[in-house]
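Novice: output the structure for:
(chains A, B, C and D)
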There are 2 protein chains.
Amino acid sequence: MDIPEDGKIKNLSTDCVIFGFSDETLKILLIKLAAEPEKGEWALPGNIIMRQENLDDAAKRVLKELTGLEKVFMEQVHTFGNVNRFPLFRIITVAYYALINPDKYHPEAGGRTSDVRWFPIEDLPDLAFDHNKILDYALNKLQRKIRFEPIGFELLPKKFTLTQLQSLYEAINGVKLDKRNFRRKILNMGMVIELDEYKEGVPYRPPQLYKFDKAKYDKLKETGLLSN
Amino acid sequence: MDIPEDGKIKNLSTDCVIFGFSDETLKILLIKLAAEPEKGEWALPGNIIMRQENLDDAAKRVLKELTGLEKVFMEQVHTFGNVNRFPLFRIITVAYYALINPDKYHPEAGGRTSDVRWFPIEDLPDLAFDHNKILDYALNKLQRKIRFEPIGFELLPKKFTLTQLQSLYEAINGVKLDKRNFRRKILNMGMVIELDEYKEGVPYRPPQLYKFDKAKYDKLKETGLLSN
DNA sequence: GCAAAAGTGTTTCCGCTACACCCATGA
DNA sequence: TCATGGGTGTAGCGGAAACACTTTTGC
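Specialist: Below you'll find the model as predicted:
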């Protein structure tokens, strides 16, 4: 039998690319491996899949065990199963990505990891195994997805400024956008609601705060979001 | 050990959604199961993954064993692994889709299948297990992909008419397109080369034949194909 | 008053859409 | 000569892109 009594499927794992956005920068949460093989290398958080556990649930579990967060946007990216991707034995991994707001979570090492850290997307270390490739796939999927679905809000606090939203799009796609065109486009979509609140304590004109309009989210799913 | 000596990974399979295009219709190649469970049901062709076999190679093997075809466009779609998706035990399947030209292949039953048939996309039977869901995912992926990458040619003979190409796009996306607008768009892209040949033996004005311009394929990968 | 980011309109251009008639052939 | 699909052009519209200055606040 392929599935032993201890409830783990040893040739199947899930790895999770956790995206966060802070300081105008797209970041990824990595762990430092505390055990061989590749001890001391940075890697994507991941785990073995349990016998009585759906794939999506396994990915959620990885995220929760690491960050304590639940009800987070997650999506399957791709499955990586080259024969030699793991040095000790054949293991296939189903990759997911997650979008979280890093303000809600401050990483803390523990368990099988000796360190946990956010890395800016443009300054990543070499990762263990084929994790750089997995990360590339996930980023690529995020970049394409955000052009057509309003998933960017998952990375922001509930109340945000339009400049924050623009920086997010710029960080994810690595482009510069025109401020006026961006604002017009977003506002025309009616995807955000302006609040009677302004960011305080900034040494310049206080920007207005907005929130995401959940009601229009679904209508826009078919329409598409940004095309550049 | 999860991987027994016979070289099969019994909790991991691959299933393949094989698309073909003929008679102006998008079709899918299905097999009739010759063994329990769900004997007699139509299903996607699939197989267990071997211990020393990459996932992509397993999918290619499924296609080759069924159709004899090699060097075919294939792409991973999604991995399905809900605990109860297969009635006898836990099995996770990595789904692929393939695009083939059905003129090159006439199905013949044999081996573990009692029947093999092309089914038009708009007249599909109920499939075994979660195969209807897998098929939906694959079709959806094909529909979205073909809008931005020139993969449609994989489904056509080497020399084709622009009307054939248009019918293909219409069949895949289930829409009607304007003939003049379609032709202009395709020709503007420079993705096809007109030949000095015409289809013969038709009881109307013989249409000109075109071939795919492989050289421009790569340039267009980034640009996008059709937006409607 | 200076630094720093917020906020705001108009014009131009290009691509998409809609639309109807003549052409070449086989039967 | 008729039936069938092949093949062609133009005008109008709407969304995308380019572009610069004034406003408000903290220090």
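Novice: which parts of chain A sit against DNA strand D?
Specialist: Proximity of chain A to DNA strand D (Cβ under 7 Å from any atom of the strand) is limited to residues A:178-181, A:185, A:201-206, A:227-228. The C-beta positions use only the backbone N, C-alpha and C, and glycine is treated the same way.
Novice: kindly recompute the last result at 6 Å.
Specialist: When proximity is defined by Cβ under 6 Å from any atom of the strand, chain A lies next to DNA strand D at A:Asp178, A:Lys179, A:Arg180, A:Asn181, A:Lys185, A:Pro203, A:Tyr204, A:Arg205, A:Pro206, A:Ser227, A:Asn228.
Novice: shouldn't the second one be in contact with A:Ser167?
Specialist: Same thing as A:Lys179. No: A:Lys179 lies out of contact with A:Ser167 (Cβ atoms under 8 Å); the separation is 10.7 Å.
Novice: more neighbours, the two?
Specialist: Between A:Lys179 and A:Ser167, A:Ser167 has the larger neighbour count (other Cβ atoms under 10 Å in any protein chain shown), namely 19 against 11.
Novice: contacts only, for the more buried one.
Specialist: The contact partners of A:Ser167, taken as Cβ atoms under 8 Å, 6 or more residues apart in numbering or on different chains, are A:Glu24.
Novice: the residue in chain A that DNA strand D sits nearest to and DNA strand C, how far apart?
Specialist: Closest contact between chain A and DNA strand D, by Cβ to the nearest atom of the strand, is at A:Arg205 (2.9 Å). In this view, A:Arg205 and DNA strand C are 4 Å apart by Cβ to the nearest atom of the strand, to the nearest Å.
Novice: state the distance from that residue to B:Ile172.
Specialist: Applying Cβ to Cβ, to the nearest Å, the value for A:Arg205 to B:Ile172 is 51 Å.
Novice: and the two? Which one has more around it.
Specialist: Neighbours around A:Arg205 and B:Ile172, counted as other Cβ under 10 Å, are more numerous at B:Ile172. The numbers are 21 against 8.
Novice: top of the residues of chain A next to DNA strand D by neighbour count?
Specialist: When those are compared by neighbour count (other Cβ under 10 Å), A:Lys185 ends up highest, at 16 neighbours.
Novice: torsion angles phi and psi at it?
Specialist: The phi and psi torsions at A:Lys185 (degrees, to the nearest 10) take the values phi -60, psi -50.
Novice: ok, it to A:Ala59 distance?
Specialist: Separation of A:Lys185 from A:Ala59 (Cβ to Cβ) stands at 32 Å.
Novice: again, but for A:Glu38
Specialist: From A:Glu38 over to A:Ala59 the distance is 21 Å, taken as Cβ to Cβ.
Novice: same drill for these two, tell me which one is more crowded.
Specialist: Taking neighbours as other Cβ under 10 Å, A:Glu38 and A:Ala59 compare with A:Ala59 leading, 28 against 15.
Novice: what is the rounded mean pLDDT of the one helix or strand that one maps to?
Specialist: Assigned by DSSP states H and E, A:Ala59 belongs to helix A:55-67. Helix A:55-67 carries an average pLDDT of 96.
Novice: who does that helix touch, helix- and strand-wise?
Specialist: strand A:8-22, strand A:25-33, strand A:46-50, strand A:73-80, strand A:92-99 (3 or more Cβ pairs under 8 Å, 6 or more residues apart in numbering or on different chains; DSSP states H and E).
Novice: so can I have a markdown table of the ones you listed showing mean pLDDT?
Specialist: A markdown table is the format used below for the helices and strands packed on helix A:55-67 (pLDDT from 0 to 100):
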| stretch | mean pLDDT |
| --- | --- |
| strand A:8-22 | 95 |
| strand A:25-33 | 95 |
| strand A:46-50 | 96 |
| strand A:73-80 | 98 |
| strand A:92-99 | 98 |
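Novice: reformat the ones you listed as JSON lines; add distance to A:Phe148.
Specialist: JSON lines is the format used below for these (distance: least, Cβ to Cβ, whole Å):
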{"stretch": "strand A:8-22", "distance to A:Phe148": "17"}
{"stretch": "strand A:25-33", "distance to A:Phe148": "18"}
{"stretch": "strand A:46-50", "distance to A:Phe148": "28"}
{"stretch": "strand A:73-80", "distance to A:Phe148": "13"}
{"stretch": "strand A:92-99", "distance to A:Phe148": "15"}
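Novice: can you tell me which of these is most buried?
Specialist: strand A:92-99 (a mean of 25; mean count of other Cβ atoms under 10 Å in any protein chain shown).
Novice: buried residues, the helix or strand that that one is followed by. List them.
Specialist: Going down the chain from strand A:92-99, the next helix or strand is strand A:113-120, by DSSP H and E. Under the neighbour-count criterion of 16 or more other Cβ atoms under 10 Å in any protein chain shown, strand A:113-120 has A:Thr113, A:Val116, A:Trp118, A:Phe119 buried.
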